[in-house]
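Asker: got a predicted structure plus its sequence, pasted below:
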Amino acid sequence: MSELYDVIVIGAGQAGLAAGYHLKKNGLKFIILEANSEPTGSWSQYYDNLRLFSPAGYSSLPGMPFPMKSDAYPTRDEVITYLKSYAEHHRFPIRFNVRVERVERNVLFNVYTEGGEAYRAKNLICATGSFNRAFVPELEGSKLFKGNMIHSSEYRNPDSYRNQRVIVVGRGNSAVQIGAEISEVAAVTTLAVLQPVQLVPQRLLGKDVHFWMTIIGYDSFPFWRFGVNVGSPGGAIDVGGFKKMLKSGQLQQKNMFKRFYSEGVIWSDGTKEQIDSIIFATGFRPIMPYLHGVEGALDVRGYPIQKGGLSSTVLGLCYLGLSGQRSFASATIRGVGSDAKYVVKQLKRRGLG
């Protein structure tokens, strides 16, 4: 019979590592199962020039500050290095290259892997987060379009877009940042939006905007207690002269196009425009197929049925890293530590099964 754990954590990205910190701090017997070979979550899949929108002073996991000046903005590679160092520093019991295939629950949680291994635990924390299933809306005529069409998760750098006519669909941080850097080399770059881009200054009165979000409590306000999901603020932080680019027309924005045709798109006013490439910066959806065998865990869309990270239907089942789980910052490196602390506290309060 396999070893019995207090908690099994699925995923060793930022959410799983934050869970590991609080589980270890509370003296619980746990193991973290990670499908990949490193504890970096989705970070290794992001575009080359990604830079955090929050400074290092607000971007740490619990128990280990980000190792750079508090007002500096970490790059993607610096975050990856930090996560690896974090896991090594805390010596979490992580098993890499172990992909969970299915979970069953019969008093205990039985976790089965693609490699044929089986693990048992009294409780389960799903820390595979919100960034593992790219969302691309279904649009009329998309199969007719002959140009290049990708999700932002596939985008790496602007090199291949030189002298092209490019559309980036979206108005959030990723959409604006990708659009801005492509506009430096493309012939035309347009943001296709449902509403005009709302830019937030990166600094107000000499302080980063996250300082003010912390002061007023927006970053950590428990919207979830009132049944409100605040997964995205619906705007973008101006980290690179975006306002100037939009004003000058270097980076354009137009109301979302109505449909595709073979050479491009047809805008809402009926105008046709030839387009070479389209990038959908339209976010992600959580996907946890391994939970389909746990009755009542997921709704008809495959979304977890939960409140504040605790399953509403299955005792002992928890989640971390979901967008808007407990606050605006839940799916970020700066917010997941607080959620992990809450989830582990609730597990202990319930007696761990």
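Answerer: Happy to help now that I have it.

Asker: and the residue positioned nearest the centre of the chain, what is it in contact with?
Answerer: Geometric centre of the chain, nearest residue: F131, 4.1 Å, by CA atoms, centre = their mean. Neighbouring residues of F131 by CB atoms under 8 Å, 6 or more residues apart in numbering: G41, S42, S153, F284, A331. All C-beta spots, glycine's among them, are computed from the backbone N, C-alpha and C.

Asker: quick one: which of these is most hemmed in?
Answerer: G41 (27 neighbours; other CB atoms under 10 Å).

Asker: and the gap between the nearest residue to that residue once chain neighbours are set aside and A187?
Answerer: Nearest residue to G41, sequence neighbours excluded (CB to CB, 6 or more residues apart in numbering): G13, at 2.0 Å. Counting by CB to CB, to the nearest Å, the separation of G13 from A187 is 37 Å.

Asker: then Y46?
Answerer: 26 Å.

Asker: which residues does N163 contact?
Answerer: Counted by CB under 8 Å, 6+ apart, N163 has contacts V185, A186, A187.

Asker: tell me which helix or strand the second one sits in.
Answerer: For A186, there is no host helix or strand (DSSP states H and E).

Asker: so it touches S160, yeah?
Answerer: No. Look at A186 against S160 with CB atoms under 8 Å: they stay out of range, at 10.2 Å.

Asker: quick one: which of these two has more around it?
Answerer: A186 (21 against 12).

Asker: any stretches of the stretch 51-200 of the chain with poor pLDDT?
Answerer: Low-confidence segments of the stretch 51-200 of the chain, defined by pLDDT under 70: 130, 200.

Asker: can you pull out the strands in it?
Answerer: Ranges of strands in the stretch 51-200 of the chain, per DSSP state E, counting those that start in this stretch, are 94-95, 100-106, 108-113, 118-126, 148-151, 165-169, 188-193, 199-201.

Asker: now the two most distant members of the contacts of F131.
Answerer: Of all pairs drawn from those, the greatest distance, 14.5 Å, lies between S153 and A331 (CB to CB).

Asker: now the nearest residue to W267 once chain neighbours are set aside: which helix or strand?
Answerer: Of all residues beyond its chain neighbours, the one nearest W267 is F257 (5.0 Å), with distances taken as CB to CB, 6+ apart. Using DSSP H and E, F257 falls within no helix or strand.
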